[in-house]
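K.L.:
sequence first, predicted coordinates after that:
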Amino acid sequence: MSAERIRVVVNRWRRELEIGQIEDLVGAPVYFTLPSDYPAVCQATQEGRPLTTRSELGQSFQALAQRLTGRAPAERSIVGGLLGSWKRSKLAAARP
C-alpha cells in the first residue's frame, strides 16, 4: 500500500489540540477529526440507541461517511433503519 492512500482520522479531538502538532507527531496530514462528545455517547448508550445527527459527534460521523463515499446521506424517515422500514410496512398494512 502506498503512503498517499493512508489517512489519519483523529478520534476524541478537542479544539485545544492543534492539528499541526498532531500531524507533526504522526508524520502525515490529518484527514478528518471526530470531536470528543462524551455526554452524547453516554446518553445514547444509557438509552440503548445509536448516536443521531442531533449530536456534534453524530454529525461528524455522517460528514466522514459522506467524505469517504462522495455521497450525500439518504433521506431518512422519523423512524429510521431496518426496524423503521418494518414498522412503516406494518403500519401501512394495518390501515383500512
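P.N.:
In hand now; what should we look at?
K.L.:
please count neighbours and contacts with C-alpha atoms only from this point.
P.N.:
Will do.
K.L.:
quick one: the strands in the chain?
P.N.:
Assigned by DSSP state E, the chain shows strands spanning 8-13, 30-35.
K.L.:
which among those is found nearest to residue 72?
P.N.:
Shortest separation from residue 72 across the strands of the chain is recorded for strand 30-35, at 17.0 Å, computed as CA to CA.
K.L.:
any low-confidence regions in the protein?
P.N.:
Counting by pLDDT under 70, the low-confidence segments of the chain come to 1, 75-96.
K.L.:
any idea how far the residue positioned nearest the centre of it is from residue 20?
P.N.:
The residue lying closest to the centre of the chain (CA atoms, centre = their mean) is residue 61, at 1.5 Å. Applying CA to CA, to the nearest Å, the value for residue 61 to residue 20 is 22 Å.
K.L.:
not counting sequence-adjacent ones, nearest residue to residue 7?
P.N.:
With CA to CA, 6 or more residues apart in numbering as the measure, residue 31 is the residue that lies nearest to residue 7, at 5.7 Å, once sequence neighbours are left out.
K.L.:
ok, now residue 28?
P.N.:
In space, residue 28 comes closest to residue 8 once its chain neighbours are excluded; the distance is 7.1 Å by CA to CA, 6+ apart.
K.L.:
which other residues reach stretch 12-19?
P.N.:
For stretch 12-19, the external contacting residues (CA atoms under 8 Å, 6 or more residues apart in numbering) are 30, 33-37.
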